[in-house]
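Enquirer: here you go, sequence then predicted model.
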Amino acid sequence: MTHAVAPSSARARRTGSRMHRLLANPRIQSWAARIPLLREVARRDGAAIFDLLQGFAKTQSLLAVVELRILHRLMDGPMSATDLARSCGVPPESMAILLQAAAGIGLLRRRRSGDFALARKGAVLAGVPGLEEMIRHNRLLYRDLEDPVAFLRRETSPEIASFWPYVFGAGAASDPEIARRFSRLMADSQGLVAADTLATISLKGVRRLLDVGGGTGVFLTEVARRHASVRLALFDLPAVAPAARHRLAAAGLTERATVHEGSFHTDPLPRGADAVSLVRVLYDHEDATVRRLLDKIHEILPAGGRLVISEPMSGGTRPDTATDVYFAFYTRAMGTGRTRSQADIIALCAQAGFTDLKAHAPRRSFVTSVVSARKPG
């Protein structure tokens with residue numbers, strides 16, 4: 001069966017096709033390079049294309065800087081390439097290459113003396129909790145994407161999926177060591193997510209907040225710091241719960257917070273909350289699992305109860321350079337997840353019966369985006 005194409009659509013396609021062929025023509029490119037205005041456009045396009053080409057070398061340079069702890073070695077002041085080579089156990093000629101690359105991507109700056117010092121970007125990177133650990137963790141993703149076509153065709157078995165077995169339920173995450181690695185990696189970066197989430201939405205009027213998949217309690221600890229009257233509840237796997245209790249107790253929240261153990265795949269959610277948060281939960285799971293979870297949340301919330309969803313989200317009709325590249329491939333590698341747009345998540349919430357659906361403008365899309373909803377009544 002064939003479908004007719006609207007005349008205006010067909011015209012636009014023909015026009016676009018002709019324009020693309022002109023831009024790809026070497027003679028047209030050579031001509032444009034001689035025209036001052038077009039020359040600058042061509043220069044910027046060429047630089048951007050080369051930046052795509054060298055992307056892998058940039059990330060590997062970053063990994064080497066982190067693994068050799070160069071940023072920390074420079075925290076007390078500039079050092080020569082020779083001294084850094086000696087302290088890192090790297091041949092001087094190799095260290096010179098790495099330091100030049102690190103300066104080229106803005107992590108270091110080369111002084112007139114030839115020594116190297118931290119640049120602002122490098123100092124910030126060294127100070128963000130968990131960021132260096134995430135850079136090391138990306139080794140798995142690099143290996144998974146070694147053959148990107150095979151990866152997209154599902155012809156390989158991604159290593160990322162084996163790192164996050166908790167997405168399949170409590171049974172898959174019963175290994176305490178796996179739970180510890182997962183919890184540490186998530187907790188280290190959760191502070192940024194919590195800060196952006198709570199700066200985006202208000203919890204005014206909430207009496208009891210249930211954080212489903214709340215990990216070690218980083219998000220609830222930040223909620224408690226900002227909202228002194230909100231009672232707190234956390235629901236997560238038995239292997240994760242001890243770390244959550246420890247963190248909440250250390251924050252003086254033992255009397256104010258309750259930790260419930262279970263898997264939302266198989267166990268009922270605890271009742272009594274008038275708001276539920278899902279922080280970096282949905283993008284780990286396929287649509288069918290998300291629908292069941294949202295149905296469960298809708299069922300335990302009272303009329304007027306609130307739902308807050310916070311995680312990296314696709315740009316949808318306006319592709320995002322962070323979430324539609326890094327996070328989209330990462331969640332694909334997990335085997336069950338998907339980086340959804342705010343519109344996708346709103347549609348899933350509507351199917352579960354939620355109303356007052358809102359897509360909040362993200363402060364930093366590479367950290368998180370937020371969708372909120374209410375149970376009608």
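Expert: Nice, thanks for sending it over. Numbers count the residues shown, from 1 in each chain.
Enquirer: from memory residue 290 sits against residue 347, does it?
Expert: No - applying Cβ atoms under 8 Å, one finds residue 290 not in contact with residue 347, separated by 10.8 Å. Glycine gets a C-beta too; all of them are placed from N, C-alpha and C.
Enquirer: in its sheet, what does the longest strand seen in the chain sit against?
Expert: The strand that spans the most residues within the chain, counting by DSSP state E, is strand 355-364. Using DSSP bridges, the strands paired with strand 355-364 in its sheet are strand 368-374 (antiparallel).
Enquirer: give me the phi and psi for the nearest residue to residue 140 once chain neighbours are set aside.
Expert: Nearest residue to residue 140 in three dimensions, chain neighbours excluded: residue 159, at 4.4 Å (Cβ to Cβ, 6 or more residues apart in numbering). Main-chain torsions, residue 159, degrees, to the nearest 10: phi -70, psi -30.
Enquirer: can you map out the strands along the stretch 101-250 of the chain?
Expert: Remark: strands assigned in the stretch 101-250 of the chain by DSSP state E, counting those that start in this stretch are 108-110, 116-118, 208-212, 231-236.
Enquirer: would you mark the buried spots in the third one?
Expert: Buried residues in strand 208-212, defined by neighbour count with 16 or more other Cβ atoms under 10 Å: 208, 209, 210, 211, 212.
Enquirer: residues in contact with the first one?
Expert: In other words, residue 208. 230, 231, 232, 233, 272, 273, 274, 275 (Cβ atoms under 8 Å, 6 or more residues apart in numbering).
Enquirer: hmm, 6 Å instead?
Expert: Residue 208 is in contact with 231, 272, 273, 274, counting by Cβ atoms under 6 Å, 6 or more residues apart in numbering.
Enquirer: tell me what the first one is bridged to.
Expert: Going by DSSP bridges, residue 231 is paired in beta bridges with residue 208.
Enquirer: sorry, back to before: check which residues of the longest strand of the chain are buried.
Expert: Across strand 355-364, burial judged by 16+ other Cβ under 10 Å covers 357, 359, 362.
Enquirer: flag the shaky bits of the stretch 201-350 of the chain, pLDDT-wise.
Expert: Counting by pLDDT under 70, the stretch 201-350 of the chain has no low-confidence residues at all.
Enquirer: where exactly do the helices run in it?
Expert: All helices of the stretch 201-350 of the chain, identified by DSSP state H, counting those that start in this stretch, fall at 218-226, 241-250, 287-300, 328-334, 342-351.
Enquirer: tell me which residues are up against the longest one.
Expert: Identification of contacts with helix 287-300 by Cβ under 6 Å, 6+ apart yields 264, 269, 271, 276, 282, 348, 352, 353, 375.
Enquirer: from these, which land in strands?
Expert: Members of those lying in strands (criterion: DSSP E): residue 276.
Enquirer: report the buried members of the contacts of helix 287-300.
Expert: Using 16+ other Cβ under 10 Å, the buried ones in the contacts of helix 287-300 are 264, 269, 276, 282, 348, 352, 375.
Enquirer: between those, which is closest to residue 153?
Expert: Within the buried ones among the contacts of helix 287-300, the smallest distance to residue 153 is 25.2 Å, found for residue 282 (Cβ to Cβ).
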